[in-house]
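Undergrad: sequence-free structure coming up:
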């Protein structure tokens, strides 16, 4: 079966190159969806902007860093608190939002002075904070504000502060993915190697591409502590600015999200010789495999086996309770990119769930190679899906639950199909052994929630609830 | 006969191993060569090299894979060193073909990460 042109895409036939239905006997040498390509005019994409990829996904996670958004207030507000990445210092990053609040006059006359003033104001208001990211946005990039020059001037005025600039306006790329890239490469070029970390263990690593969504990093860190492994830098879950400056000293880079953060792992390998080990942190089987590989690298296999045995004893019976009740559930995964390939086999192996459709907002072809290799025949693989395509795919595969973001989640709720927040989670963490039980619980509660059926009930007798109007 | 065996190992690697899908063709080739060399050593009773960080990385990936191979494919226990080398060689060719030479991924040969 080649690529698929859905009925709703008759007027935008280019979409055929972005949707694939796998059949037995085919592999990625024959068909690979086009991805990381400009959204086709006429399609209602749900992608975010490139600035968002830098700020919301990576930079804004740091727990000790002011995130100064040089642009209109909306750019700051819309990339603040929509993702739940707590910290162990009172959630500093989620309590505050910073913006230069650019208005028309600043656009006309230039915003550099306003940026400089805003940076000083922020540091004055928060004297205990000495680190800052400054982001350009679409309007301030268009008028040519030189945020690097402003940052340099402020650092000269305030020798105790350090500022990193991210010049990635929303229009810089086709999706959030460009923002990941710009931040990764900027950081390795400008900040890695500028501070020497304190080494406290003979085993050191960086944990890359995990953003402490509802405590993922903090949960996994209990494993690394039990194994005696020092994590020099978490990129960037529950992380600090200065920890990330010392990434060059780790013996190993362990990568979870290869899409958002593979770039810095590649560069650390190229420039500093630090090897890159990719693992999956969601799922029992995968998590155990990841721990085994890390321990084999350090030669501490026995410790790893003891940890896995402890965690299995504690959590496997709970997982199995859910597996018994979830087996055969049909799931759709409509998220950013990597969770497609991280989750498709883990929910199948650990929970007996069948993934019937997957859509990626910003994945590259590398992500589709991974997910098509891992995913089932009969499953749809979609790049940059639009709303009408989602409705048509739902009709084709009839999922019992959809893991996606709140925007699409609201859409599918109107069809009385349960959704679980696949980005920020419902009640995470979802990584690790305990986390995957949380995921199973949220999936079970969603699938068996009676409210969705009740919501379709209309007490006015023969009036049928018009649940399909949005798709018609 | 070995084709079937290569198919089995190939199916496992496609489904389980992220190292075959690194960002660029040279990283993929390095991983395929490194992990499969360590795997061959493990399957033929040799002790894989673990001197350099990269050798330790390949060993870590290979060790887990070989354990799974043995658990899933009992014929490996009875295979002699020559057959192991033959099958792994076939696996290496298949992986290089799907992940590098036959890949439709347009980013594979970009000079920058």
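TA: Yep, it's here. In this text, all values refer to a predicted model and were calculated from it rather than measured experimentally.

Undergrad: around chain A, pick out the residues from chain B.
TA: B:14-16, B:18-19, B:21-24, B:27, B:50, B:53-54, B:56-57, B:59-61, B:63-64, B:97-99, B:102-107, B:113 (C-beta under 8 Å from any C-beta of the partner chain). C-betas here are computed from N, CA, C, even on glycine.

Undergrad: shaky segments in chain A?
TA: A:1, A:463-472 (pLDDT under 70).

Undergrad: and residue B:7, that one's in a helix?
TA: Yes - assigned with DSSP: H, G, I helix; E, B strand; the rest coil, residue B:7 falls within a helix.

Undergrad: OK, contacts around it?
TA: By C-beta atoms under 8 Å, 6 or more residues apart in numbering or on different chains, residue B:7 lies in contact with nothing.

Undergrad: cool, and the one 10 residues further on?
TA: When contacts are counted by C-beta under 8 Å, 6+ apart, residue B:17 touches B:35, B:61, B:65.

Undergrad: state the pLDDT value of it.
TA: Note on residue B:17: pLDDT of 98.

Undergrad: distance of it from residue A:374?
TA: 10 Å (C-beta to C-beta, to the nearest Å).

Undergrad: before we move on, what about residue B:107?
TA: Plainly put, residue B:107 is 19 Å away from residue A:374 if you go by C-beta to C-beta.

Undergrad: could you do residue A:402 as well?
TA: 19 Å.

Undergrad: who has more neighbours, those two?
TA: The neighbour comparison of residue A:402 against residue A:374 (other C-beta atoms under 10 Å in any protein chain shown) goes to residue A:402, with 27 against 21.

Undergrad: which SS state does the more buried one fall under?
TA: Residue A:402 - assigned by three-state DSSP - is strand.

Undergrad: report the buried residues of stretch B:68-83.
TA: B:68-69, B:76, B:79, B:83 (16 or more other C-beta atoms under 10 Å in any protein chain shown).

Undergrad: endpoints of it, how far apart?
TA: 18 Å (C-alpha to C-alpha, to the nearest Å).

Undergrad: got it, and stretch B:105-113?
TA: 14 Å.

Undergrad: report how many residues lie close to residue 101.
TA: Going with chain A. For residue A:101, using other C-beta under 10 Å, the count is 17.

Undergrad: that's the wrong chain, I wanted chain B
TA: Residue B:101: 12 neighbours (other C-beta under 10 Å).

Undergrad: and the pLDDT at it?
TA: In this model, residue B:101 is scored at 98, pLDDT.

Undergrad: residue A:201 against residue A:225, yeah?
TA: No - assessed by C-beta atoms under 8 Å, residue A:201 is found out of contact with residue A:225, at 9.8 Å.

Undergrad: who's more crowded, these two?
TA: Taking neighbours as other C-beta under 10 Å, residue A:201 and residue A:225 compare with residue A:201 leading, 16 against 12.

Undergrad: show me the contacts for the closest residue to residue A:223 other than its chain neighbours.
TA: Excluding its sequence neighbours, the residue lying closest to residue A:223 (C-beta to C-beta, 6 or more residues apart in numbering or on different chains) is residue A:307, at 6.1 Å. For residue A:307, the contacting residues are A:223, A:226-227, A:291, by C-beta under 8 Å, 6+ apart.

Undergrad: okay, now the unreliable bits of chain B?
TA: B:1.

Undergrad: those helices in it, which residues are they?
TA: B:2-16, B:25-43, B:53-72, B:75-78, B:81-96 (DSSP state H).

Undergrad: to residue A:116, which of those lies closest?
TA: Between residue A:116 and the helices of chain B, the shortest gap by C-beta to C-beta is with helix B:25-43, which sits at 41.9 Å.
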